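Q: A structural model of the following input is requested.
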Amino acid sequence: MKRNLFLLVILSALISITWWFQERGGEIDRAEQEKKELIFDPKEFGGLVSMHFGDVDLYAQDDKFLVGDERIAANPFKIEEMFEALNSLAVVRKLSEKEAQALNANLAFRSQSPIKIFFKTMKRDINFLIGSKLATHSSRFYGKLGDTVLILEDRRPLLEAYNPDDEGDLKQERLRSIFTINPEFFYDTRVFINPIKVAKATFDNPRVRKSVITDFVKKSTTPKPIAGLGYDLEEFNRWASTFEALEAHHIFPKYDAKLLKDLRAQVKVIDAQGSKIDLSLFSGYGSLPGDFVISSESHYLFELGHNHAGIFFQNVQDFWDISFLKPSESLSLFFKSEEKQIELKVLPGQQFEVEMISPLDLEPRRDRLAVFYSLLMTRARYVTDLIDLDYKQHFVLKADKRTVVFGEVPSQWVIVDSVNKLAYYYNKHDFPDLPSELDQYFGSK
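A: This next block holds a predicted model:
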């Protein structure tokens, strides 16, 4: 028994040693192969100081990069994209001195075609060229590092569908596009380059009568919701994540504050560390119309993209739960007008279905009832109490144990909940062709 146990231990040890050498050997081989295929390693020359291509100047600063003489922070994702393009180029082999002399340089490195990249390291400057593609291989190109001529292979796959005969041209054009691009491509246009976590925000804009304060930790607002309403907790997360990731379409590293036009809104934020950040939105800059933002923690002027300014115009009710009903697998509805009482069940599955309960001689107009059901489930435009409410009543509705009146005010539909003293408002243009009278939702069989 002891002898068998001893042999088992020896066998296990041999298997472990064999596995270790095989795996370790494989790792060493892969590392050596990767080093062999690497165009050059800046660490061997004391580290990268800067790199230049086309009109782009990139300067290394610790683990980040700055763009141009103005040293504008570079977007790390764009820098990663650029290095991914470089790292996809593997050195297949280096031409010997004899091969390099025999090479037709005018064909391999046409004066108009080479992609030129200049690396500046702590110890030396290095010129790198990406030349013409080889006629014998669709993904291989001539390259030149200093005086050494290389055969390079672009191993980054093409994401779009393509004809195999066009692979080389497409890869060459992809390389050319990133190394001849405008310097602004690399600008970090995020409003918050240093990530923040919003704790509180105060809104000042034409949609609020007085400042709205939102607490994103406690998920609460000042003023508080009207009695009978709660909070839309998802909206707290949606707004905060959108605000924290706010990015400009264009930045102005230098600007004249006197040229900013029409202050439209402000958001004042306190982050999780207690730091205060103020953002102001303007409607123009000089002769340029648009949405322009300045931040108390940045020297730049940010021009937002289309429809990105909406986060400045939050109303306190945007954080309240102002949907009349929640979606469900089925919903029983009871309608009452001066002439009729109708009861039915709605089944809003993949296909909208209506089950008549009474009277059975009516034919439901499913298309119109589907629009009305959508209104019931849609978040209201806003909610008020019933003080001084003047509206036109159309019919009574009972849904989900709540009895309300469906009516209208100018340009809006309204659901009046007298029990909870609430009125829900919906813009008519959001529900085109929605009938007002109960008879219009049904026909005779």
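Q: give me the low-pLDDT residue ranges for this protein?
A: Residues of the chain meeting the criterion pLDDT under 70: 1-36, 111-112, 445.
Q: output the longest strand belonging to it.
A: strand 260-271 (DSSP state E).
Q: how far off centre is that one?
A: 22 Å (Cα atoms, centre = their mean, to the nearest Å).
Q: for Q172, give its distance to L89.
A: Applying Cβ to Cβ, to the nearest Å, the value for Q172 to L89 is 12 Å. Every residue, glycine included, has its C-beta placed from N, CA and C.
Q: of those two, give the one with the bigger neighbour count.
A: Counted by other Cβ atoms under 10 Å, Q172 and L89 do not tie: L89 has more neighbours, with 24 against 20.
Q: ok, now which ones touch the more buried one?
A: Shown in contact with L89 (Cβ atoms under 8 Å, 6 or more residues apart in numbering): 39, 130, 141, 143, 152-155.
Q: what do you get for E244?
A: 192, 195-198.
Q: pick out the most distant pair among those residues.
A: P195 and V198 (10.9 Å; Cβ to Cβ).
Q: more crowded one of those two?
A: Relative neighbour count places V198 above the other of P195 and V198, with 22 against 9, counting by other Cβ under 10 Å.
Q: okay but the more buried one is in contact with F243, surely?
A: Yes. The pair V198 / F243 is scored as a contact, 6.1 Å apart, by Cβ atoms under 8 Å.
Q: mind listing the shared neighbours of those two?
A: Going by Cβ under 8 Å, 6+ apart, residues that sit against V198 and also against F243 are V269.
Q: go ahead and confirm D55 touches F179.
A: No. At 10.6 Å, D55 does not count as touching F179 under the criterion of Cβ under 8 Å.
Q: more crowded one of the two?
A: Higher neighbour count among D55 and F179: F179, with 17 against 11, using other Cβ under 10 Å.
Q: which phi and psi values does that one adopt?
A: When read as degrees, to the nearest 10, the backbone of F179 gives phi -100, psi 10.
Q: and D188, by the same measure?
A: Main-chain torsions, D188, degrees, to the nearest 10: phi -90, psi 100.
Q: give the contact list for it.
A: 72-76, 78.
Q: so which of those belong to helices?
A: Using DSSP state H, the members of these that fall in helices are 76, 78.
Q: check the contacts of D188 against P253 and report the nearest one.
A: Using Cβ to Cβ, the contacts of D188 come closest to P253 at I72, 5.6 Å.
Q: now do the closest one against F302, distance only.
A: For I72, the distance to F302 equals 13 Å [Cβ to Cβ].
Q: show me what counts as buried in stretch 256-269.
A: Residues of stretch 256-269 classed as buried under the neighbour-count rule (16 or more other Cβ atoms under 10 Å) are 260, 264-265, 267-269.
Q: same thing with stretch 398-409?
A: Using 16+ other Cβ under 10 Å as the test for burial, stretch 398-409 gives 399, 404-408.
Q: what of stretch 56-71?
A: 56-60, 65-68.
Q: quick one on the thing from earlier: higher neighbour count, I72 and F302?
A: F302 (24 against 19).
Q: ok, that one - contacts?
A: So F302 contacts 189, 191, 248, 250-252, 292-295 (Cβ under 8 Å, 6+ apart).
Q: check I151 too.
A: So I151 contacts 91-95, 134, 140-143 (Cβ under 8 Å, 6+ apart).
Q: now list the buried members of these.
A: Buried among these (16+ other Cβ under 10 Å): 91-92, 95, 134, 140-143.
Q: so which of those sit within strands?
A: Those of the buried ones among the contacts of I151 lying in strands (DSSP E): 91-92, 140-143.
Q: ok, the spatially closest residue to K197 that is not a sequence neighbour to F216 distance?
A: Among residues not flanking K197 along the chain, A272 sits closest, at 4.1 Å (Cβ to Cβ, 6 or more residues apart in numbering). For A272, the distance to F216 equals 9 Å [Cβ to Cβ].
Q: what sits in contact with each of those two?
A: 198-199.
Q: between those two, who's got more neighbours?
A: More crowded of A272 and F216, by other Cβ under 10 Å: F216, with 21 against 12.
Q: for the more buried one, what are its contacts?
A: 198-201, 236, 240.
Q: what would the residues you listed look like in JSON lines with distance to L281 and secondary structure?
A: Output for the contacts of F216, formatted as JSON lines (distance: Cβ to Cβ, whole Å; DSSP: H, G, I helix; E, B strand; the rest coil):
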{"residue": "V198", "distance to L281": "17", "secondary structure": "strand"}
{"residue": "A199", "distance to L281": "21", "secondary structure": "strand"}
{"residue": "K200", "distance to L281": "19", "secondary structure": "strand"}
{"residue": "A201", "distance to L281": "14", "secondary structure": "strand"}
{"residue": "F236", "distance to L281": "21", "secondary structure": "helix"}
{"residue": "A240", "distance to L281": "18", "secondary structure": "helix"}
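Q: which stretches in the protein count as helices?
A: Counting by DSSP H, the chain has helices at residues 2-37, 76-87, 97-102, 105-108, 167-179, 233-244, 366-377.
Q: quick one on the thing from earlier: show me which of the buried residues of stretch 398-409 is closest to R381.
A: Nearest member of the buried residues of stretch 398-409 to R381, counting by Cβ to Cβ, is E408, at 13.1 Å.
Q: assess the claim that that closest one and Y391 are in contact.
A: Yes. Between E408 and Y391 there is a contact under Cβ under 8 Å: 6.5 Å.
Q: which neighbours do the two share?
A: Common neighbours of E408 and Y391 (Cβ under 8 Å, 6+ apart) are V414.
Q: one step back: ok, and the most crowded of the contacts of F302?
A: Highest neighbour count within the contacts of F302, by other Cβ under 10 Å: F292, with 27 neighbours.
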